[in-house]
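Engineer: 3D model of this:
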Amino acid sequence: MTSADFQTDLSSEAISVLICESSSVQLRILSEAVQQAGYSVQTANNAEDSLKLLNLGTVDIFLTGIEVGAVSGLEACWSLKANTETESVYTIVITASGEDRRLEESLDAGADDFIRKPVNMTELRARLRAASRLVRMQKQFKRLAETDALTGAANRRAFMQYLELRAESATRDDIPLSVIMIDLDHFKAINDTHGHAAGDTVLIQTVQAVQDCLRDNDMLGRLGGEEFCVILPGAGLFSAGIAAERIRAAVESMTISTDEGVKVPVTASLGVASLNNGDLICAPDVLLQTADAALYRAKDTGRNKVWLDGAEEQDDAPQQQQAG
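Structural biologist: So this is what the prediction gives:
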């Protein structure tokens, strides 16, 4: 997950609709109609299976009947809205014509909208379009809350949440996890000499350069000022060191000029730490502190270099290879 993931054009994202209907015929009719309208469709014929799919976090809109097995569609709505992980899913309940009591129960259960049987497909498409606008707006607000406004990298809050999840996963599944702390060298001097506009350009282009070095499930976060950090799930210390050297070289090779045409040289110091050490398991803060200590070793020994945690001397940077 690079910072590019936080800048995706939401209007181009497919909206996922989960349809729950006990009648296989009705389920097929609804599924085909919704799919033809351009939505990504999942189906279930009972509420229990629907809740399992909903808990996977891949559903944007939940379209459900009321009588859909031992657990009703209304009970599914209650469960959906009571769970902080799924409460933002937009819910449309299909009610039988003339059942005003059911309509009231649906809204009380947390449904966002309703549609009566027999379902008019034109009306259904219109309601889905309205729901999609709200879903995309919610996603945009969520991404803004998770993103550093200047650079597009993850902000500190989103970064720490992802690190905690990855640390738990690494411990549970016994897989490595590494982080790379990145600090731009002499950044204050860049601001003082060339102005804050040039400094902002350096930060923005640094994020672009770093994200080009990352895999899909890596995350780049801005922790503050000119300090950044990368989470590398599945990468041990050596592999993370190779990735760090790739990042260091990418930052050093950036071409940045002021409005007056003055070239601004940029370098970075990087510290790498891994969660392979048993003392660090389930301690994301300790992992960051360890990477930070390695970063300062890089700065103290000359800057523009990568320092791996636990190393006494590092004369040579890791050779370029594919991090894994």
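Engineer: Next secondary structure element downstream of the lowest-mean-pLDDT helix or strand in the chain?
Structural biologist: Among the helical and strand segments of the chain, the one scoring lowest on mean pLDDT, DSSP states H and E is helix 100-108, with a mean of 68. Using DSSP states H and E, the next helix or strand after helix 100-108 towards the C-terminus is strand 113-116.
Engineer: can you give me the mean pLDDT across that following strand?
Structural biologist: Rounded to a whole number, the mean pLDDT of strand 113-116 is 86.
Engineer: residues in contact with it?
Structural biologist: Outside strand 113-116, the residues that touch it by Cβ atoms under 8 Å, 6 or more residues apart in numbering are 90-97, 103, 106-107, 123-124, 127, 130-131. C-beta: built from backbone N, CA, C; applies to glycine.
Engineer: Which one of those residues is nearest to residue 164?
Structural biologist: residue 90 (27.8 Å; Cβ to Cβ).
Engineer: ok, now which ones touch that closest one?
Structural biologist: For residue 90, the contacting residues are 60-62, 112-113, 131, 134-135, by Cβ under 8 Å, 6+ apart.
Engineer: where does it sit relative to residue 82, distance-wise?
Structural biologist: Distance, residue 90 to residue 82, by Cβ to Cβ, to the nearest Å: 16 Å.
Engineer: likewise residue 92?
Structural biologist: Residue 92 sits 18 Å away from residue 82, going by Cβ to Cβ.
Engineer: average pLDDT across the helix or strand hosting residue 41?
Structural biologist: Taking DSSP H and E as the definition, residue 41 sits inside strand 40-44. Confidence for strand 40-44, expressed as mean pLDDT, is 94.
Engineer: Can you list the buried residues in that strand?
Structural biologist: By neighbour count on 16 or more other Cβ atoms under 10 Å, the buried set for strand 40-44 is 41-44.
Engineer: what's the answer for stretch 247-260, then?
Structural biologist: Here stretch 247-260 shows 247-251, 254, 256 as buried, counting by 16+ other Cβ under 10 Å.
Engineer: what does it rub up against?
Structural biologist: Contacts with stretch 247-260, where a contact means Cβ under 8 Å, 6+ apart, come from 180, 182, 184, 194-195, 197-198, 201-202, 205-206, 209-210, 212-213, 230, 263-264, 266-268, 270, 304-306, 317, 320.
Engineer: in this structure, what spans have low per-residue confidence?
Structural biologist: Within the chain, the segments meeting pLDDT under 70 span 1-12, 97-104, 106, 276-282, 312-324.
Engineer: still on that earlier bit, so which of the contacts of stretch 247-260 are in helices?
Structural biologist: Within the contacts of stretch 247-260, residues falling in helices by DSSP state H are 194, 197-198, 201-202, 205-206, 209-210.
Engineer: Write the ChimeraX selection for whichever of these are buried.
Structural biologist: This is the ChimeraX syntax for the buried subset of these, where burial follows 16+ other Cβ under 10 Å:
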select :194,198,201,202,205,206,209,210
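Engineer: can you redo the ones in helices among the contacts of stretch 247-260 as CSV with distance to residue 24?
Structural biologist: Listed next are those as CSV, based on distance: Cβ to Cβ, whole Å:
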residue, distance to residue 24
194, 67
197, 62
198, 64
201, 59
202, 59
205, 55
206, 55
209, 53
210, 50
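Engineer: and which of the ones in helices among the contacts of stretch 247-260 is nearest residue 153?
Structural biologist: residue 210 (8.2 Å).
Engineer: What residues does the closest one make contact with?
Structural biologist: 182, 220, 228, 230, 247, 250-251.
Engineer: go with 10 Å
Structural biologist: 2-3, 151, 153, 180, 182, 218, 220, 228, 230, 243, 246-248, 250-251, 268 (Cβ atoms under 10 Å, 6 or more residues apart in numbering).
Engineer: and if you look at residue 224?
Structural biologist: 148, 155-156 are the contacts of residue 224 under Cβ under 10 Å, 6+ apart.
Engineer: please redo it, this time with the cut-off set to 8 Å
Structural biologist: residue 156.
Engineer: start to end distance for stretch 270-286?
Structural biologist: One end of stretch 270-286 sits 17 Å from the other (Cα to Cα, to the nearest Å).
Engineer: And for residue 37, the neighbour number?
Structural biologist: Residue 37 has 16 neighbours, counted by other Cβ atoms under 10 Å.
Engineer: Run a quick check on it versus residue 128, I expect a contact.
Structural biologist: Yes. Applying Cβ atoms under 8 Å, one finds residue 37 in contact with residue 128, separated by 6.4 Å.
Engineer: Break down the stretch 101-250 of the chain into its strands, ranges please.
Structural biologist: 113-116, 177-184, 219-224, 227-233 (DSSP state E, counting those that start in this stretch).
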